[in-house]
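Novice: after the sequence you'll find the predicted model.
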Amino acid sequence: MTGLIVLFVIIACLIFAIFVYNQLVTHRNRYKNAFSQIDVQLKRRHDLIPNLVETVRGYMKHERETLEAVITARNMAVGATKQAADNPGDPASMKSLASAESMLTGALSRLFALSEAYPDLKANQNMARLQEELSSTENRVAFSRQAFNDAVMTYNTAREKFPNNILANALNFQEARLLESTESAEERKAPKVSF
């Protein structure tokens, strides 16, 4: 009788461990899939930038430094995206990606601010189309980032709950890091309107 109870407890513990393991794997795969959606949008964004630079180059001949800053920031962002795609949720990769994308956003903001001084460039249809596509892509990145962060939060919550945390630590399920917004605190402020 005692042997039967011990066997039942062992089987129950084994079934529970399998359930927790499968749950953690499911949540980890969900956040990796969510990151792949971000990856698609970031690649789209990165692919649009060379076209934007080529369009602007003819008009802004004296702004070579700004164009080079955009190209450099884009290349850094591409590298950071590849690194993050290899291990989504990794704290160092997510921090590097957020930093690189922030630099790229800043460089693009400077480029667009400078383009305001060139009326012919503002009137260029290709430039307008590229700006619209970049804006649309930024919105898609934001939605994808939200989905990723939701999936990471679900995964982290599942791995931190007791008794899941015991199994998660034993099986090396590491905490995943959120992908934070690339906007600065200044950019997130609501604009002031005065009459």
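Specialist: Okay, I see it. If you're wondering where the values come from, they're calculated on a predicted model, not measured in any experiment.
Novice: ok, residue 57 - how many residues close by?
Specialist: Using other C-beta atoms under 10 Å, residue 57 is surrounded by 12 other residues. All C-beta atoms are positioned from the backbone trio N, CA, C, and that covers glycine.
Novice: lowest average confidence, helix or strand, in the protein?
Specialist: Among the helical and strand segments of the chain, the one scoring lowest on mean pLDDT, DSSP states H and E is helix 185-188, with a mean of 47.
Novice: residue 11: how many residues sit nearby?
Specialist: 10.
Novice: and residue 73, by the same measure?
Specialist: Neighbours around residue 73, by other C-beta under 10 Å: 22.
Novice: sec struct for it, please.
Specialist: Assigned by DSSP: H, G, I helix; E, B strand; the rest coil, the conformation of residue 73 is helix.
Novice: and it, what does it touch?
Specialist: Contacts for residue 73 were tallied using C-beta atoms under 8 Å, 6 or more residues apart in numbering; they are 100, 103, 104, 106, 107, 108.
Novice: and those residues, which is closest to residue 22?
Specialist: residue 100 (34.6 Å; C-beta to C-beta).
Novice: state the pLDDT value of the nearest residue to that closest one once chain neighbours are set aside.
Specialist: Excluding its sequence neighbours, the residue lying closest to residue 100 (C-beta to C-beta, 6 or more residues apart in numbering) is residue 80, at 3.7 Å. On pLDDT, residue 80 comes in at 92.
Novice: now residue 80: which helix or strand?
Specialist: Using DSSP states H and E, residue 80 maps to helix 64-86.
Novice: ok now that helix, how far from the chain's centre?
Specialist: Distance of helix 64-86 from the chain centroid (C-alpha atoms, centre = their mean, to the nearest Å) equals 14 Å.
Novice: what comes up buried for it?
Specialist: For helix 64-86, a neighbour-count test (16 or more other C-beta atoms under 10 Å) marks 66-67, 69-70, 73-74, 76-78, 80-81, 83-85 as buried.
Novice: swap in stretch 161-174?
Specialist: By neighbour count on 16+ other C-beta under 10 Å, the buried set for stretch 161-174 is 164, 167, 168, 173.
Novice: then stretch 9-17?
Specialist: Neighbour-count burial for stretch 9-17 flags no residue at all (criterion: 16+ other C-beta under 10 Å).
Novice: please apply the same query to stretch 112-131.
Specialist: Buried positions in stretch 112-131, judged by neighbour count with 16+ other C-beta under 10 Å: 114, 115, 121, 124, 127, 130, 131.
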